[in-house]
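> Sequence first, predicted coordinates after that:
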Amino acid sequence: MGPTPRVLAGGMLACAAAIGLGRFAFTPILPVMLAEFGLSAQQGGWLAAANNLGYLIGAISAGWVGDDRIRHRLLAIGLAGLPLSLGLMAFGHSEILWAGWRLLSGIASAWVFVFAAALVLPRLAELGHARLSGLHFGGVGFGIIVAGLMVGWAAARFGAPGGWAMAALAAGGMTVTAWPILRDLHGHAAASPSPSLPPSTFPFILLALAYFCEGLGYIVTGTFLVVVVKATPGLSGVANLSWVLVGLAAWPSALAWSWLAERKGYVRALILAHLTQAAGMALPALSDHPAMVLGGAVLYGGTFMGIVGMALAFGRKIAPGHVTRGMGLLTAAFGIGQIIGPVVAAWMAAWGGWSGALLMAAGVVLTGVPLLAAGAVIGRRAGIGRPAV
C-alpha cells in the first residue's frame, strides 16, 4: 500500500471509530434501550447530551495542544479509551454510570477525531494530496454504516448490551488498525501545495451563529432518527436501514461539498447544504411513506459532514491570522448546540410527538440560511468591491 492510501486508511478508521461509533453507535441502540430498560425519550436525550458535552470538553482541550508528543499520547489514550467506554455501556443499569461512560466516550472521540486530523491532513499536504482530506472525514460515514448494520443487528438480536459489545469490538478493531499508521505521523506540514485562502470580509460571528444552529439542529436527527422510524407504524423494519443510508450518503459528502465550495463559494454552498439538510430532516415529520423517510435519511446524511468541513474551512478563510481562536469559537458554538438539541427535542417529543421535534430541528437548521446570507451582504458592503466569499 502506498503512503497516501495508508495515511487515508488510518485517518478514515480513526474517524469511523471516533464519530461513527463513539457518538453514533448510540443511535441504533437507543430504541432498544428505551424498550428494555424503560427509559424515556428525555433520559435518552440527556445521555446524548452527556456524550456531546464530553466531545466539547475534549475538542477544546485538544485545541490547546501543539506538541506532537502530547498529541500522540492523548491520541493513544483516546484510541484505547473509546472501545473501553463503549464496552462499559453493556454492564449494569445505572443512568448515572451510563452518563459517565458517554461523557468519557465523548472526550475520547474528540481526542481521536481532532488529533487524527492534526496528523493526517498535514501529511496529505506533504504528499501533494491535500484535496483528499474529504476522504479522511468520509470515514465517519463508514463508521455509521457499521453502526447501522453490525451494531443495530447485535442490539436487535442480543439486546442493548449486545449492541454495545459489538460497538466496542468494531471500534477496537478500527483503533488497533489505525494506531500503527497514526503514531508515525507528525503534525507539521512542509510547504503545502494547496493555495492559501485569501482573507474574507464575512462577519465571523454570523458564521459562528449559523454553525450553532447546525449543531443544535442536526444532532436531533443524528440522535433520534432510528427511534422515530421504529415508532412509525409500518416502518419498524427499515429503522436500521435508514441509519445505514445516512452513512452511505455521508461517506463521500465532505469531499463533494468541498469541491462545490471551491467552485461556487462557501456561502452559496453552505446555504444549499442547510436547505438540503433541513428538507431531509423534515421529510419523516411530514410523511410516513418509506420513500420519503429513507429519502430524508439520504439528504440528511449527505450534508452534515459537508457543513462541518465547509464551516471550518470558511472560518480559516475569514480569520487566517487567528486560526486557533477561530476554530475554538466555532467548535464551542457547534458543541453547545449539540448539547442543547437532544434535550429540547426529547422534551418536545414527550409533549407533542416526534413530528414537532423534527420540524423544530429543521427550522433551527434553516435559521442558518438568513444568517449566512446576511453575512454575505455585510461582507460585500464592507469589502468595497472585494468579494466576501
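Happy to help now that I have it.

> What separation do you get for residue 158 and residue 84?
20 Å (C-beta to C-beta, to the nearest Å). For the C-beta atoms, the positions are set from N, CA and C on the backbone; glycine is no exception.

> Give me the residues contacting stretch 88-99.
37, 39, 43, 46-47, 50, 101-102, 160-162, 164-165, 167-168 (C-beta atoms under 8 Å, 6 or more residues apart in numbering).

> quick one: which of the residues you listed is most hemmed in?
Highest neighbour count within those: residue 167, with 33 neighbours (other C-beta atoms under 10 Å).

> Can you give the domain ranges for the protein?
1-186, 199-389 (automatic domain parsing).

> Let me have these in a markdown table, adding mean pLDDT as columns.
Formatted as a markdown table, those follow (pLDDT from 0 to 100):
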| stretch | mean pLDDT |
| --- | --- |
| domain 1-186 | 94 |
| domain 199-389 | 91 |
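
> ok, now which ones touch the nearest residue to residue 275 once chain neighbours are set aside?
Computed as C-beta to C-beta, 6 or more residues apart in numbering, the closest residue to residue 275 that is not its neighbour in sequence is residue 369, at 6.4 Å. By C-beta under 8 Å, 6+ apart, residue 369 lies in contact with 271, 274-275.

> now swap in residue 293 and tell me
229, 232, 235, 238, 242, 283-284, 287.

> Can I get the buried part of those as one PyMOL selection?
Of the contacts of residue 293, the buried ones go into a single PyMOL selection, burial set by 16 or more other C-beta atoms under 10 Å:
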select buried, resi 229+232+235+238+242+283+284
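
> Now flag whichever of the contacts of residue 293 is closest to residue 148.
Ranked by distance to residue 148 (C-beta to C-beta), the contacts of residue 293 are led by residue 242 at 7.9 Å.

> residues contacting the closest one?
Counting by C-beta under 8 Å, 6+ apart, residue 242 touches 148, 225-226, 229, 293-294, 297.

> Out of these, which comes closest to residue 27?
residue 226 (5.3 Å).

> is it true that that closest one touches residue 25?
No - Residue 226 is not in contact with residue 25 according to C-beta atoms under 8 Å; the separation is 11.1 Å.

> Could you verify my assumption that residue 55 touches residue 24?
No - applying C-beta under 8 Å as the test, residue 55 and residue 24 come out as separate, 11.7 Å apart.

> Can you verify my assumption that residue 53 contacts residue 107?
No - if you go by C-beta under 8 Å, residue 53 and residue 107 don't touch, sitting 9.1 Å apart.

> ok, those two, which is more surrounded?
Comparing residue 53 with residue 107 by other C-beta under 10 Å, the one with more neighbours is residue 107, at 26 against 19.

> Now do the SS call for the more buried one.
Of the three states, residue 107 takes helix under DSSP: H, G, I helix; E, B strand; the rest coil.

> is it true that it touches residue 62?
No - using C-beta under 8 Å, residue 107 is not in contact with residue 62; the gap is 9.4 Å.

> roughly how far apart are residue 372 and residue 330?
Distance, residue 372 to residue 330, using C-beta to C-beta: 14 Å.

> no wait, residue 22
On the measure of C-beta to C-beta, residue 22 and residue 330 end up 20 Å apart.

> of those two, who's got more company?
residue 22 (34 against 25).

> Can you name the residues that contact the closest residue to the more buried one other than its chain neighbours?
Closest residue to residue 22 apart from its sequence neighbours, by C-beta to C-beta, 6+ apart: residue 109 at 3.5 Å. Listed by C-beta under 8 Å, 6+ apart, the contact set of residue 109 reads 18-19, 22-23, 51, 54-55, 58, 78, 82.

> repeat that for 7 Å
18-19, 22-23, 55, 58, 82 (C-beta atoms under 7 Å, 6 or more residues apart in numbering).

> mind listing which of these are in helices?
Among those, the residues falling in helices (DSSP state H) are 55, 58, 82.

> gap between the first one and residue 104?
Spelled out, that is residue 55. Taken as C-beta to C-beta, the span from residue 55 to residue 104 is 11 Å.

> Pick out whichever of those two has more residues nearby.
Legend: neighbour count by other C-beta under 10 Å for residue 55 and residue 104, higher for residue 55 (30 against 20).

> distance of that one from residue 93?
According to C-beta to C-beta, residue 55 stands 24 Å off from residue 93.

> picking that back up, any chance of the ones in helices among the contacts of residue 109 in CSV with distance to residue 127 as columns?
Below are these laid out as CSV (distance: C-beta to C-beta, whole Å):
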residue, distance to residue 127
55, 29
58, 28
82, 27
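
> Looking at these, spot the one nearest residue 69.
Closest to residue 69, out of all of these and judged by C-beta to C-beta, is residue 58, at 18.4 Å.

> The closest one reaches residue 112, doesn't it?
No - using C-beta atoms under 7 Å, residue 58 is not in contact with residue 112; the gap is 8.8 Å.

> Give me the more crowded residue out of those two.
residue 112 (33 against 27).

> what's near enough to touch the more buried one?
Listed by C-beta under 7 Å, 6+ apart, the contact partners of residue 112 are 14, 17-18, 75, 78-79, 82.
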